[in-house]
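> Sequence and predicted structure, then a few things I'm wondering about:
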Number of protein chains: 2
Amino acid sequence: MDIEEFVSKSLGEWKSMRSGHSLTFQQFEQVLSRVKVKMLSLQDNEVIDLLNKKVHSKSATSPFSVEWSAETDWDENNQIHSGKSILIPIPESESDGEILRSRGYSETVEVYSNYHFLDDKTFVLSTRYEQTLAEERIWFISDNVRCRSSVIRSYPSLGILQTSFASEVRIADIS
Amino acid sequence: MDIEEFVSKSLGEWKSMRSGHSLTFQQFEQVLSRVKVKMLSLQDNEVIDLLNKKVHSKSATSPFSVEWSAETDWDENNQIHSGKSILIPIPESESDGEILRSRGYSETVEVYSNYHFLDDKTFVLSTRYEQTLAEERIWFISDNVRCRSSVIRSYPSLGILQTSFASEVRIADIS
């Protein structure tokens, strides 16, 4: 598995069931959402803008966007949360590299993540934010179903703040 | 990581938060439970009995028991579910082998599971039952916190019936 293959397998619209676990408070969160993963081009303005802001753009490849719209049971107003992030992989080798993100996972800032693939093709993404460290894992359990887990730690204490797990089913291809 | 080290890291009493996802019905399940993992001896009667029922006992090592008592929100009576399984690893190599279980995960029968470790030490357990295939993964995110995910498929159609994810915090050692 390399990053191009991984991005290509991820394209489309996904229906996501996500459970969050707050370990300290023993609280569960449940979220149903839609996630759209679209291929971008290195010639797209939003990709060029993001690359220009950062120093090294050496071997950027397979840029893509992720859009989500979620309905969570933690929000008293049952409000829809939605957002979009642009992601630009910059491979170091076939199995690892960096990803430049216009918006992070545990903090909504531009950020570099490190990624690598395990020997069973699980994709592991590690990100250091200002006040948190996040590790996300994504693995396909069939062509159209993938699992995604995350661990968020406080930084620099490394205490575990939250874990989460999502089961995602592709409901449509996006051309 | 070999199986002895994995069993040794798993001993103790754990507080578990588990979320189940039924993909077909988009239903969430939430379970809080206690899990006790205890070391057994190859001389224990329950271990000898289980080994005697099966053919090959060549290189059994590090037998252990897992006891759980859970309170699930799916059960209308909020009934406590509890149980116990005895597990006997039979390594083939440092990173893989079989585990003989007195009681399986998705079906409560005696069963052999196959296990292997990924390159990041994630423990992967695969079991074929009469009507289901189960894959469980366990990975430690700190000395006292581990994650556990599972995928249950119908057999032989391989349709995905349920996924689950547990976050487990060790609350006591058991000597």
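Structure received.
> my guess is residue A:71 meets residue A:33, correct?
Yes: in this structure residue A:71 lies within contact range of residue A:33 using C-beta atoms under 8 Å: 6.9 Å. C-betas here are computed from N, CA, C, even on glycine.
> pLDDT weak spots in chain A?
Within chain A, the ranges that satisfy pLDDT under 70 run A:55-57, A:72-80, A:175.
> Flag every residue of it that's near chain B.
Counting by C-beta under 8 Å from any C-beta of the partner chain, chain A comes close to chain B at A:15, A:17, A:19, A:21, A:23, A:26, A:28, A:30, A:32, A:118-120, A:122, A:124, A:135, A:141-142, A:145, A:147, A:149, A:151, A:158, A:160, A:163, A:165, A:167, A:169.
> Out of the residues you listed, name the ones that lie in strands.
Under the assignment DSSP state E, the residues of chain A next to chain B contribute A:15, A:17, A:19, A:21, A:28, A:30, A:32, A:124, A:135, A:141-142, A:145, A:147, A:149, A:151, A:160, A:163, A:165, A:167, A:169 to strands.
> List buried members of the residues of chain A next to chain B by neighbour count.
Under a neighbour-count criterion of 16 or more other C-beta atoms under 10 Å in any protein chain shown, the subset of these counted as buried comprises A:15, A:17, A:19, A:21, A:23, A:28, A:30, A:118, A:122, A:124, A:135, A:141, A:145, A:147, A:149, A:151, A:160, A:163, A:165, A:167, A:169.
> So the fifth one sits against residue A:160, correct?
Translated: residue A:23. Yes: judged on C-beta under 8 Å, residue A:23 makes contact with residue A:160 at a distance of 5.8 Å.
> Can you pull the residues that touch both of the two?
When contacts are counted by C-beta atoms under 8 Å, 6 or more residues apart in numbering or on different chains, residue A:23 and residue A:160 have residue B:145 as shared neighbours.
> how about the residue nearest the centre of chain A, phi and psi?
Nearest to the centroid of the C-alpha atoms of chain A, with distances taken as C-alpha atoms, centre = their mean, sits residue A:105, at 6.5 Å. The main-chain torsion angles of residue A:105 are listed as degrees, to the nearest 10 and equal phi -90, psi -50.
> With adjacent residues omitted, what lies nearest to it?
Taking C-beta to C-beta, 6 or more residues apart in numbering or on different chains, and ignoring the residues beside it in sequence, residue A:105 has residue A:134 as its nearest neighbour in space, at 5.1 Å.
> Between residue A:71 and residue A:33, which has more neighbouring residues?
Taking residue A:71 and residue A:33 together and counting by other C-beta atoms under 10 Å in any protein chain shown, residue A:33 has the greater number of neighbours (19 against 15).
> And stretch A:65-83, end to end?
This stretch, stretch A:65-83, spans 11 Å end to end (C-alpha to C-alpha, to the nearest Å).
> now stretch A:116-131
23 Å.
> Could you do stretch A:113-126 as well?
Across stretch A:113-126, the straight-line distance between its terminal residues is 6 Å, by C-alpha to C-alpha.
> gap between it and the chain center?
Remark: stretch A:113-126 is offset 12 Å from the chain centroid, using C-alpha atoms, centre = their mean, to the nearest Å.
> So what touches it?
Stretch A:113-126 has contacts (C-beta under 8 Å, 6+ apart) with A:1-3, A:6, A:89, A:95-99, A:101, A:104, A:127, A:133-140, B:118-120, B:122, B:124.
> mind running it again at 7 Å?
Counting by C-beta atoms under 7 Å, 6 or more residues apart in numbering or on different chains, the neighbours of stretch A:113-126 from elsewhere in the structure are A:1, A:6, A:95-99, A:101, A:127, A:135-139, B:118-120.
> Just those residues: which are in helices?
When DSSP state H is applied, the contacts of stretch A:113-126 are split such that residue A:6 fall in helices.
> are any of the contacts of stretch A:113-126 buried, and which?
With neighbours counted by 16+ other C-beta under 10 Å, the contacts of stretch A:113-126 contain buried members at A:1, A:6, A:97-99, A:101, A:127, A:135-139, B:118.
> quick one: contacts for residue A:66?
Contacts here follow C-beta under 7 Å, 6+ apart; on that basis residue A:66 touches A:35, A:37, A:84-85, A:87.
> What subset of these is buried?
Neighbour-count burial (16+ other C-beta under 10 Å) is assigned, among those, to A:35, A:37, A:85, A:87.
> could you dump those residues to a markdown table with secondary structure?
Output for the buried ones among the contacts of residue A:66, formatted as a markdown table (DSSP: H, G, I helix; E, B strand; the rest coil):
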| residue | secondary structure |
| --- | --- |
| A:35 | strand |
| A:37 | strand |
| A:85 | strand |
| A:87 | strand |
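> Which helix or which strand is home to the residue lying closest to residue A:36 once chain neighbours are set aside?
For residue A:36, ignoring the flanking residues on the chain, the nearest one in space by C-beta to C-beta, 6+ apart is residue A:67 at 4.5 Å. With elements delineated by DSSP states H and E, residue A:67 resides in strand A:64-72, which encompasses its position.
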